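Student: Provided below are the primary sequence and the corresponding predicted coordinates.
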Amino acid sequence: MPALGNGRSVTLRDRPLGPWSNWFLALGEMYQRDPFADAYMLVQDDALFCKNVRALLESLGAIPRDVALISPYCPQVYQRDSTGVVAVDAGWCLIGAVTLVIPAHVVVELLVDRTAIAHRKSDPERGRRHIDAVVGLWAQKSGRCAWYLSPSVVQHIGDTSTIYPREGAVNPVRSAHFVGEEFDALSLGPQIQESLGRHKLDDESKRPNLEIGPGDHPVEGFDTLDLIERTDVTYVARWGVERLPIEDERYEHVFCSHVLEHVPWYQTEDALREVHRILKPGGTFECWVPDIQYIVSCYQQRTCGDSWRRHNPHQDPMRWVNGRIFTYGPGEENWHRACFDSQYLRECFAKAGFSRVEQLQERTMGISHGPIDLGMRAVKS
């Protein structure tokens, strides 16, 4: 740990690990160095602070158990007209990791979270991005929210990445309401304390969600879209064939499980563009389909890939393959009309306008279909 100026230190590695791994390892090292600290602040290299930010944070007192992190940096999307704390429950859509304060009571939970540990391996970009998304998803899974201070007492000043300078501008997440470098953050203390007294999840951060093709087991709390009219169906339409009867930017999150394969393969991108249209900026789409690569591998090995026995009581491998590729149920609506592997599904998402596409390792909702499950999550920029 060679010394730098003012008693600071730096960890040197023989090869770059990327922002996520550096952030995750830094949090672990800070905890090991001082396991009795009240909180741990991680700051990226392009953050500009006003005066007395630490003093303001310390004046907040004990952090509630249902808070996963505090961000003194507030991106424009969370900015409010009044001064105070904005409580956000955005999951993978969480925006802004310029400066994050992790309370002591949740540090160990984050450090042992399976998604956080596996992110460098599972992320297509090997952990070069998505600090905010991974932490946001962990917070949501643990039933906690994020606190953002408004107005922002920290600014994101970078125009290019100092680690990856060829990747261009990174300042679209710059705060539009930074108080200024000479501002005294402590002057906000009384108003922030007042907002803490009425602390609750910001209603605007909990936007409506939609499930496409809910079947007999809809996700609780979601609006629904199906091609069959029922009392529990919000919208009736043929996804991918017609424009959905939903206004632009209506939903924060759209979910579908084993529905996209029922849309004709030549209309896949049309179906995904409709989801992109009805999502709010920053909204997410989680989609699960049968994995044709897994099905083909089972065919090549002449084995049944799972224990599904419908119309196949004797576990005949070819009947299993036919059922998984085409359908197990009667009725035209049950026929499969498209096949997907990971690469092709990712390409379809990208052509429909989605960004930050990642393959999912485990479900966050819905009923598992076993080893044939192939899941993707994507973000609307």
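Tutor: The structure has been received and is ready for your questions.
Student: Glu269 touches Ala350, doesn't it?
Tutor: No - using Cβ atoms under 8 Å, Glu269 is not in contact with Ala350; the gap is 9.9 Å. Using the backbone N, CA and C atoms, a C-beta is placed for each residue, glycine as well.
Student: Same drill for the two, tell me which one is more crowded.
Tutor: Remark: of Glu269 and Ala350, Glu269 carries more neighbours, 19 against 14, as counted by other Cβ atoms under 10 Å.
Student: Please compute how far the strand or helix carrying that one lies from its chain's middle.
Tutor: Here Glu269, judged by DSSP states H and E, is contained in helix 268-278. Distance of helix 268-278 from the chain centroid (Cα atoms, centre = their mean, to the nearest Å) equals 19 Å.
Student: Going by neighbour count, list what's buried in that helix.
Tutor: Thr268, Glu269, Asp270, Ala271, Leu272, Glu274, Val275, His276, Arg277, Ile278 (16 or more other Cβ atoms under 10 Å).
Student: Domains in the chain, by residue range?
Tutor: 5-202, 209-380 (automatic domain parsing).
Student: Turn those domains into TSV, including mean pLDDT.
Tutor: Shown next, in TSV, are the domains of the chain (pLDDT from 0 to 100):
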stretch	mean pLDDT
domain 5-202	83
domain 209-380	90
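Student: who's in contact with stretch 371-379?
Tutor: Contacting residues not belonging to stretch 371-379 are listed as 92-93, 282-291, 294-295, 305-306, 324, 340-342, 345-346, 349, 354-360, 363 [Cβ atoms under 8 Å, 6 or more residues apart in numbering].
Student: got the buried residues for that stretch?
Tutor: Ile372, Asp373, Leu374, Gly375, Met376, Arg377, Ala378, Val379.
Student: Could you list which of the residues you listed belong to strands?
Tutor: Here DSSP state E is the test, and the buried residues of stretch 371-379 give Asp373, Leu374, Gly375, Met376, Arg377, Ala378, Val379 as lying in strands.
Student: Glu194: which of those is nearest?
Tutor: Glu194 has its nearest neighbour among these in Val379, at 34.1 Å by Cβ to Cβ.
Student: just to revisit the earlier point, could you single out the nearest of the ones in strands among the buried residues of stretch 371-379 to Asn52?
Tutor: For these, the nearest to Asn52 is Val379 (35.0 Å; Cβ to Cβ).
Student: Apart from its neighbours in sequence, what residue is nearest that closest one?
Tutor: Arg356 (4.2 Å; Cβ to Cβ, 6 or more residues apart in numbering).
Student: Please consider this matter closed, and thank you.
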